[in-house]
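Asker: Just the structure for this:
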Amino acid sequence: MPDLSPTLIATVALVFLLAGLVKGVTGMGLPTVAMALLGSVMPLVAAAALLVVPSFVTNLWQLLAGPDLALLLRRLRSMMLGILLGTLAGSWLLTRGGAAWATPALGGVLATYAAYSLLVRTPRVPARLETLLSLPVGLATGLVTGATGVFVLPAVPYLQALGLERDTLVQALGLSFTVSTLALALGLAGGGALGGAELGLSTLAILPSLLGMWIGRWLRGFVSPAAFRRWFLLALLLLGLQLVLR
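Answerer: Have a look, this model is predicted:
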């Protein structure tokens, strides 16, 4: 963990305020925005540790607020198992495998996700393939999560392709992100990267995250969530490319 200077604390608070605002407007994006911005100013493993508590709290809220938790647990159990196993493996790379590749890898994931979301129409996964795909998708998502701290690929496109109702999709994303967060916390703790100092600062980040979500929900009455999402994805694409090139 970097030294807890007033500048660093203010930076962390601002990052989670912005990340919460994006989640408040679009319904997702807190871990993605937090990792994208924190990864620019600190080691990726430290940024991932700061993400744990606010991500868990906000995504657990999203998970429990939905209508179909029991159904989703049955339907997506193999995907969640894959996320757990993949994240534990990926976090070994992040905590023990060296960090020279971590920032460009994060940038590549962010740029790929943004480009996909902007340019590709959501496909449909036939029901007959869901059983075959869920575990591999979970494993791939877990490896990306553990190695970069970002939960979106390929979980988000896959869940969008299942043809779920809107509220059920939001809950499914909450389930995926909650499991990813817990698995990331286990991996970081096992690698010695999630101790008392990290958990303390991560807990403090809940406040700006929730404030940002409240502001984001208020802004939804004045901006188009679809237009906001497009501009957010464009910014994410540019930031991801910058991290790769750096």
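
Asker: Return the set of buried residues in the helix or strand encompassing Arg217.
Answerer: Assigned by DSSP states H and E, Arg217 falls within helix 206-219. Across helix 206-219, burial judged by 16 or more other Cβ atoms under 10 Å covers Ile206, Pro208, Ser209, Leu210, Leu211, Gly212, Met213, Gly216. C-beta: built from backbone N, CA, C; applies to glycine.

Asker: Same check on stretch 124-132?
Answerer: Val125, Glu130.

Asker: And for stretch 91-101?
Answerer: Ser91, Leu93, Leu94, Thr95.

Asker: sorry, back to before: so how far is the helix holding Arg217 off the chain centroid?
Answerer: Relative to the centre of its chain, helix 206-219 is centred 17 Å away, using Cα atoms, centre = their mean, to the nearest Å.

Asker: and the very next helix or strand once past that helix, what does it pack onto?
Answerer: On the C-terminal side of helix 206-219, the nearest following helix or strand under DSSP H and E is helix 225-245. Applying 3 or more Cβ pairs under 8 Å, 6 or more residues apart in numbering; DSSP states H and E, one finds that helix 225-245 contacts helix 6-26, helix 30-38, helix 102-119.

Asker: These into CSV, with extra columns for distance to Trp61, mean pLDDT and mean neighbour count?
Answerer: Output for the helices and strands packed on helix 225-245, formatted as CSV (distance: least, Cβ to Cβ, whole Å; pLDDT from 0 to 100; neighbours: other Cβ atoms under 10 Å):
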stretch, distance to Trp61, mean pLDDT, mean neighbour count
helix 6-26, 10, 91, 20
helix 30-38, 11, 91, 25
helix 102-119, 23, 92, 19
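
Asker: Ok, which of those comes nearest Thr168?
Answerer: Checking the helices and strands packed on helix 225-245 against Thr168 by Cβ to Cβ gives helix 6-26 as the closest, at 17.3 Å.

Asker: which other residues reach that closest one?
Answerer: With Cβ atoms under 8 Å, 6 or more residues apart in numbering as the test, helix 6-26 has contacts from 2, 29-34, 37-38, 41-42, 50, 54, 58, 201, 204-205, 207-220, 223, 225, 228-229, 232.

Asker: re earlier: possible to save the buried residues of helix 206-219 as CSV with distance to Leu239 and pLDDT?
Answerer: Below are these laid out as CSV (distance: Cβ to Cβ, whole Å; pLDDT from 0 to 100):
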residue, distance to Leu239, pLDDT
Ile206, 24, 95
Pro208, 20, 96
Ser209, 19, 95
Leu210, 24, 94
Leu211, 22, 96
Gly212, 18, 94
Met213, 21, 92
Gly216, 19, 91
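
Asker: and which of those is nearest to Arg121?
Answerer: Among the buried residues of helix 206-219, and counting by Cβ to Cβ, the member closest to Arg121 is Gly216, at 26.2 Å.
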